[in-house]
Structures are given as structure tokens and as C-alpha cells.
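Chemist: Got a predicted structure plus its sequence, pasted below:
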Amino acid sequence: MRRRHAPRDPDSAGGRLSAALLHRAATWRLLVATAAAWSAAAVPGNPRHTALLAVVCAILAALALRRRRTRPAAWAASTCLLASLAAGLVAAHLFAMPTGDDHYRGEALIVSDPVQTPGGMHRGSVHTPRGSLEILSRAGLPPAGSRIMLDADLKTAGPRITAFTDNRPATLGPPGAPWRLRAHLRSFLADAAGTGHAGTRLLPGLVIGDTAAVDELLAEQMKIVSLSHVMAVSGANITLITVTAVWVLRHLTRRRGAILAVSTAIGLAYVFIVGPEPSALRAAAMGLAGTLALARKTGRNTPAVLCTALLVLVIVAPQLAVSAGFILSAAATAGLIVLGRPVTDALRRAHLPLPVAAALAVPLCAQIAVLPVLVALGSAPSAWSVVANLLAGPAVAPATILGLGALVCGLGSGVLPGIDWCGRALAQLGALPSWWIAELARIGAELPGAVLPWPAGALGLALAGLITAAFAAACLRRLRLWRWSLPVAAAALVAGLVLPLAPRAQLGHWTVAVCDVGQGSATAVSLGPGRVLLIDAGRDPAAVDSCLRDLRAEYVWVALSHFDADHVQGLSGAVRGRTVEALWISAPLADDDRARRAEAITGRSAQPLRAGAAFSLPGTEVSWRVLWPRPDSTVAAADGRVADGNAESLVFLIMVADRTVLVPGDIGAAQQRRLAGTFGRVDVLIAPHHGSADIDPGFFAGAGPAAGVVSVGENRYGHPTRAALEAFGQVPVLRTDVCGTIVLDVDGGLRGTRGCGG
């Protein structure tokens, strides 16, 4: 007769141990499922293929589960693969549009506030009956909440789909009442804060993630010292709102279900006001999972709550799996959850008071957790990030609370007397701690060590991952060799800082080099030993820094063709440890705010250039002249700014000994037609605009190059297009994404560092 065991007392030591083991098992199961779902959602290609592969693997895992000896391994495999199956099936349903170059015509709802990119395109997020996608339009977009008729070409990159259109979509219906209220609240907060100083411009970013008033210089400074996260809505904002709602509701009712339901609805309404930002979605999902856990009285297993939130999001919205903001937000939150208490306890053992230990542990854990992600995104570590976050931490909460108060005042704007004045007063008070955060970013970005050298590529990522893993092992003491973890982390940190300074092999006797900087452009011209003319700096500071170190550049003359991010965002890496001799920009763009940012980074005043400018360096065989923009080429928008930055790109004709190289920036077909036949034949032509379809075949024919180069990386725009490659004709064309950095030798040979050319 089978013996019946008495139920275990949950309050006994054995009961508490069993509960702990169950919590740990659930956490590991959710962690495996989340990792699998994330991988399935991020896999490139057609999600249907991912779903089909997951079905086959899940069936095999289920068959293996029947064998007792393989039960643990089969359980892990089945959990992993079934999660992959779910992610793949949902992704296949949400992203059922055909992959590749395709077309979509149908109704869509704009769900985010459209913004204008530096290149003049208008970007927004839309929801269609067949899924969500990003839209890029040349002619503007209606406000959020509008129903439109979308007629656009589609480009697919993994789970992300982008729609491109040259025309303003036809509006089928204006925004409804909720969307109008949302727009009113957002504009009320922005108007109440104003733009008097950096703090007022930063406040809407702290409260609702609205960074429209934040100039690029401040954004870059905050990025350098790792303060960008304060401009993204996080769990702290959700917590402030829901906790306040719960406190008020407890004075009105004792019904737990009603309190949780109303507070959750208020939190979701706040997320609606913020918009579909990755960090806001992550925070909302985690808050909802925590609310459900409290409602079921299952305790507070925070890692399990985070895994549940991430699992739900990557299944429902697979495009978040490749969102940099979402990955950074998840990594920082995981670091705080896993390492926060052990680090605080360790600092307490070092005789630090609890408030000081907790305040220091938060930025330290977050920075350690996101370090590999930042390196993978091309951001170099900063010596002042932890200090800046520590000093900024006390200012975030009061600024956010006062800003939220101003936002609430917007509900009664125009109805209750004096409410507008109250909202402005709260916003101005909240702008004071916001100003402190902006000042910390400015000072930290100007200090020595603000941008530390770090290896690019797999080596830099491996060292950053080793630092994070070793630090975590030392804090958690999970490994037998945990005592060696901190020395290992210190050694990896020293290696990361020293290796970029070590001598590297030169790229032979080069004259012109098209650097491999991913999807972007950076062209270097040798002006003698250690001296380089750099035309554009790409998007990735680490990539352009690595290229210039290979070229042994110590003195640089910088020319920025225009201010698109993929041409100027890497400027901080280009000047790292080098002397900038001059800074040139396109004359029509001289009044752009980004010119001031470039001046701040280089320490040089920008000199505007137009067609006809010519330069030569004494003692060398190098000269160059500017072919574009012409005085009559500028087209102004309604606000007086340049309508199209691409059209005003600087175009350089480089003469090195008896070789000529044409560097055309991002000019389009209209500008190419005007230039065609005005400069003679060239030896090397770099494809305009990374090989986009906006080309004039006559421009290529008039240049008659002996060879072509395309500076391109992984992108969702379809660059280089077939039309651009065919425009080169029968001449060889080298691509940086295939060949690496491409150099023109002194003997006229064109070759790539990965073996292309000859």
C-alpha cells in the first residue's frame, strides 16, 4: 500500500527550503524560455522558417522527454524549443508580410509621434492589420492617432520591417479623443517647461521620454557619461505612478482586486501617453507581471517577474528583440535585480553607511551589466559614468515627481482657474534638478577620460563580457574560483584599456583609405606620415578610431560632408588621442546646431565650404577641391532651415599624384545630374549615398571610373541597390562590408583588408 505523506508545513524550515527551490526552478525555467524566445525573435530571415524549425525541434524534444534517463536534458530542450515555437508562430502571424523588397497598400494607424531625422526623413511607428512596422516618409506624416492609407515599399531586416514612401500618406481619419488628450498633455508639459535652459529642455524627457527639445550636443554628452537612460521612461516612472495610485485608492476602498485593477489601468494610461518606447514597454510589462504576482500572493520573485515580462514582450512584439534601447533597459534592470543586494552588502562590509552603499550600488551594477551591450553598440566606456550616475541619482526623483505633477495639471488646463499657472510653476521647479543632470553630463563629457580607449570587434566584446561575468561571480560567489573573479575582471579591464594603444601593423603604403565603419562613411587621405584628411567619421566611434589607428593617424583635418548620423556620430572616436588641425563643413549647413556639437568635440571652429574651394599641402603630391554644394543649390524649408541635408553634401575630388578619387557624400540624382561631366574622368568613384537607388546613370558614365567602392554595412535600406551596382558598368566594385577597409596603394592598386582586389 502506497504511503501517503503528510503535507509539508510552509512555515517550517523544510517548507521554506522547498519554496525556495521551487522559486529557483521557476526562475531558471523562465530564464531558459526567455533566452529561447528572444533568440527566435531576433533570428534574421523569415519568421515562418523559424517557426517551422521550432516545430520540428519541439517534436523531437517531446519524444526525448519520454525517456526517463534523459528527462532533465529533454525538459530543458523542450522548454527552450517550445518557447522558440511560440515566438516563431506569433512572429509569423504579426509579420506575415513577404520579406525582401515588397509593397504594402492598406490602412494603418500611427501610434507614435512622428519625428524628423537629420537626413530630412519623417519617422514614425504604425500598426496595420498585418502587423506593426516603422515608416519613413519624405513628405511628412500626420499626428499620432491618425488613420492613414499607407502605400509604401517594404524592407525587412530580421523581425523589423520598414516602410518607405516619398508621398505624404492620405489621412482617412483624424485622431480620436484619447489621442487628442494625449497630444494635449504632451504639449502642455513641453510648453510649461519651455526652453529657457538645458534643464527645461530635458524635463519632458525625464517625465514622458519626449526628447524633441534636447539638442544633439546635450544628447551626445549624456551618452558619453551614460546618462542617456534618464531620458527614457523606466520602471521608476511606472512605480511612482502606481504606488501613488495605490496609496490614494487605499483611502477609498479596501478591495484588493479593485486597487490592483485601477492602479494597473493608470499605469497603462501613462504608457499610452509615453508611446511605444522599448524601455516603457519593458517597464510596463514588468509592472503588470509584478501586479499579477501580488494578486496571486505568490511572493516577490523579482528575477522571475523580469523574465516573464521579457518573455511576453519578445513573443508579442518580436521587433523589440533587436532594439538597442530594449536590450540596454533589460540588461540594466537585470543587473540591479541580480547584483544590487550583494554589492550593497559588500559596500556595507567596507563600513559605508546603508544609504551611501545603496546609492553607489545602483549605478555600479547598472554600468557593469550594460558594459557588453554598450561595447557591442560601439560606445566606449567612460571613467566618469558611475560618478555621474551617482551624483545624478538624487535629482532624478524630484524632477520626475514635479514633472508628473505638471503633467496632471494638464488634465484641468483651460477648465480649472489657476491650473495652468500651477503646471508652469511645477515644471519650472522640476527643471532645476534637471539642470543639475545636464550640467553633470556637460562637465563629465569634458573631463579627461570621458571616452576611454577600447578594442573594437569581437575582442572588445569578449573583454567586456569577461568583466561583467567575473564581477557577477565575485558578487554572487557561485563558482569555486570566485576569489579570483575580481583579479580576472581587473586584468580584463586593464587589457581593454591598453590594447588599443599598442602598436599595430600599417596598411602598407596607402594614399586613400575607405574605412570599414559599418553602415556609414569615413574616407581618409594620406597627407604624409601621421597626417590624414578625414572626410566624414561614420556612425561608430570605435570603428573609425580603429581605422585611424591602423593608418597611424596622429593629426587630422576633418571635413564633414553633412550631418547625418552615419557620417558624423563617430566623430568622438576620430579625434580620440589625436590633434585636430581644421574642421570644414558644408556652407548651407553652417547654422545647424550639429555644427556647434562638432566644434565642441573637435575644439575647432567650423569653416564653411562651397564649390570652388581648393586646397593643397606644401611638400606633398596631394590636393583636393570641392565640387558641391554650389551657391544656387540650397533649397530652404518653411522655417528657413535647409530642406534636404543630403542635397547639400560636400563633394570632394581628391588628386593624389596621378590618381583621382571622387567622394560624393550623399548627394542624390538631382545633384548628380548637375555635376555630371563637369569634373572629367576619375580613377576611383565612391558610390553616392552608400549605393542607394537615388542615382543618375549619367553621373557614373561621366565619371568613367576604373574601379568603384561602396561604403556600406548591415542596413534595412537595401544598400547597395542593384541599380547603383549596375551603374558602375563592368568595372570592379569593392564593398567595405565584404572587403573591410579598402585602400588605394601608391602604385594605383585597390585592395581590401579581407583579401579583395589586388
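Modeler: Noted; the coordinates are in hand. Numbering: from 1, shown residues only.
Chemist: what helix or strand does Leu374 sit in?
Modeler: helix 354-376 (DSSP states H and E).
Chemist: tell me the mean pLDDT over that helix?
Modeler: Computed over helix 354-376, the mean pLDDT rounds to 83.
Chemist: for the next helix or strand after that helix, packing partners?
Modeler: Next along the chain after helix 354-376, taking DSSP H and E as the criterion, comes helix 385-409. Applying 3 or more C-beta pairs under 8 Å, 6 or more residues apart in numbering; DSSP states H and E, one finds that helix 385-409 contacts helix 177-193, helix 198-208, helix 235-250, helix 354-376, helix 419-446. The way it works is simple: take the backbone N, C-alpha and C, and place the C-beta from them, glycine included.
Chemist: Serialize these to JSON lines and add fields for distance to Gly460 and mean neighbour count.
Modeler: Below are these laid out as JSON lines (distance: least, C-beta to C-beta, whole Å; neighbours: other C-beta atoms under 10 Å):
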{"stretch": "helix 177-193", "distance to Gly460": "39", "mean neighbour count": "19"}
{"stretch": "helix 198-208", "distance to Gly460": "29", "mean neighbour count": "27"}
{"stretch": "helix 235-250", "distance to Gly460": "29", "mean neighbour count": "17"}
{"stretch": "helix 354-376", "distance to Gly460": "5", "mean neighbour count": "20"}
{"stretch": "helix 419-446", "distance to Gly460": "21", "mean neighbour count": "21"}
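Chemist: Now do the helix holding Leu374 and helix 385-409, the angle between them.
Modeler: In terms of direction (axes from the mean of the first three to the mean of the last three C-alpha atoms, to 10 degrees), helix 354-376 departs from helix 385-409 by 100 degrees.
Chemist: Export helix 354-376 to PDB, keeping only CA atoms.
Modeler: Taking Å, rounded to 0.1, in the frame of the first residue of the first chain, the C-alpha atoms of helix 354-376 are listed here in PDB:
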ATOM      1  CA  LEU A 354      23.500  52.000   4.100                       C
ATOM      2  CA  PRO A 355      22.200  55.000   2.100                       C
ATOM      3  CA  VAL A 356      25.600  55.600   0.600                       C
ATOM      4  CA  ALA A 357      26.200  51.900  -0.200                       C
ATOM      5  CA  ALA A 358      22.800  51.600  -1.900                       C
ATOM      6  CA  ALA A 359      23.200  54.800  -3.800                       C
ATOM      7  CA  LEU A 360      26.600  53.700  -5.100                       C
ATOM      8  CA  ALA A 361      25.500  50.100  -5.800                       C
ATOM      9  CA  VAL A 362      22.700  51.200  -8.300                       C
ATOM     10  CA  PRO A 363      24.900  52.900 -10.900                       C
ATOM     11  CA  LEU A 364      27.800  50.400 -10.400                       C
ATOM     12  CA  CYS A 365      25.600  47.400 -11.000                       C
ATOM     13  CA  ALA A 366      23.800  49.000 -14.000                       C
ATOM     14  CA  GLN A 367      27.100  50.000 -15.600                       C
ATOM     15  CA  ILE A 368      28.600  46.600 -15.200                       C
ATOM     16  CA  ALA A 369      25.500  44.900 -16.600                       C
ATOM     17  CA  VAL A 370      25.300  47.100 -19.700                       C
ATOM     18  CA  LEU A 371      29.000  47.200 -20.500                       C
ATOM     19  CA  PRO A 372      29.000  44.400 -23.000                       C
ATOM     20  CA  VAL A 373      25.900  45.800 -24.700                       C
ATOM     21  CA  LEU A 374      27.500  49.300 -25.000                       C
ATOM     22  CA  VAL A 375      30.700  47.800 -26.500                       C
ATOM     23  CA  ALA A 376      28.600  45.800 -29.000                       C
END
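Chemist: so what secondary structure elements neighbour that helix?
Modeler: Using 3+ C-beta pairs under 8 Å, 6+ apart, helix 354-376 sits against helix 324-349, helix 385-409, helix 457-476.
Chemist: Show me which parts of the longest one are buried, residue by residue.
Modeler: Okay, so that is helix 324-349. For helix 324-349, burial by neighbour count (16 or more other C-beta atoms under 10 Å) applies to 325-340, 342-344, 347.
Chemist: How about the residue positioned nearest the centre of the chain: what's its closest non-neighbour residue?
Modeler: With distances taken as C-alpha atoms, centre = their mean, the chain has Ala324 as the residue nearest its mean C-alpha position (4.3 Å). In this structure, Ala324 finds its nearest non-sequential neighbour in Leu377, 5.7 Å apart by C-beta to C-beta, 6 or more residues apart in numbering.
Chemist: so how many other residues sit close to the one you found?
Modeler: 13 (other C-beta atoms under 10 Å).
Chemist: before we move on, the earlier item: redo the helices and strands packed on helix 354-376 as JSON lines? Include mean pLDDT.
Modeler: As requested, these are exported to JSON lines (pLDDT from 0 to 100):
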{"stretch": "helix 324-349", "mean pLDDT": "83"}
{"stretch": "helix 385-409", "mean pLDDT": "87"}
{"stretch": "helix 457-476", "mean pLDDT": "84"}
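Chemist: Ala193 is nearest to which of these?
Modeler: Closest of the helices and strands packed on helix 354-376 to Ala193 is helix 385-409, at 7.5 Å (criterion: C-beta to C-beta).
Chemist: Buried residues, that closest one. List them.
Modeler: With burial defined by 16+ other C-beta under 10 Å, the residues of helix 385-409 counted as buried are 385-393, 395-396, 399-409.
Chemist: now swap in stretch 318-325 and tell me
Modeler: In stretch 318-325, counting by 16+ other C-beta under 10 Å, buried: Pro318, Gln319, Leu320, Ala321, Val322, Ser323, Gly325.
Chemist: Start and end of that stretch, how far apart?
Modeler: 14 Å (C-alpha to C-alpha, to the nearest Å).
Chemist: Also stretch 531-542?
Modeler: 19 Å.
Chemist: So for it, mean pLDDT?
Modeler: Computed over stretch 531-542, the mean pLDDT rounds to 89.
Chemist: For stretch 371-387, give me every contacting residue.
Modeler: The contact list for stretch 371-387 (C-beta atoms under 8 Å, 6 or more residues apart in numbering) reads 223-227, 324, 327-328, 331, 360, 363-364, 367, 388, 444, 447, 449-454, 456, 460-461, 464-465, 467-468, 496, 518, 539-543, 570, 573, 576.
Chemist: let's see 6 Å
Modeler: Stretch 371-387 has contacts (C-beta atoms under 6 Å, 6 or more residues apart in numbering) with 224-226, 324, 327-328, 331, 363-364, 367, 444, 447, 449-452, 454, 460-461, 464-465, 468, 540, 542.
Chemist: Leu459 versus the residue nearest to Ala324, what's the distance?
Modeler: Between Leu377 and Leu459 the computed distance is 16 Å (C-beta to C-beta, to the nearest Å).
Chemist: try Ala283
Modeler: In terms of C-beta to C-beta, Ala283 sits 34 Å off from Leu459.
Chemist: Quick one: list the elements packing against the longest strand along the chain.
Modeler: The single longest strand within the chain, with elements called by DSSP state E, is strand 147-157. Secondary-structure packing of strand 147-157 (3 or more C-beta pairs under 6 Å, 6 or more residues apart in numbering; DSSP states H and E): strand 102-110, strand 160-165, strand 170-173.
Chemist: Single out the most deeply packed of those strands.
Modeler: Neighbour counts (mean count of other C-beta atoms under 10 Å) averaged over each of those peak at strand 160-165, with a mean of 20.
Chemist: Next, the angle strand 102-110 makes with that strand.
Modeler: 90 degrees.
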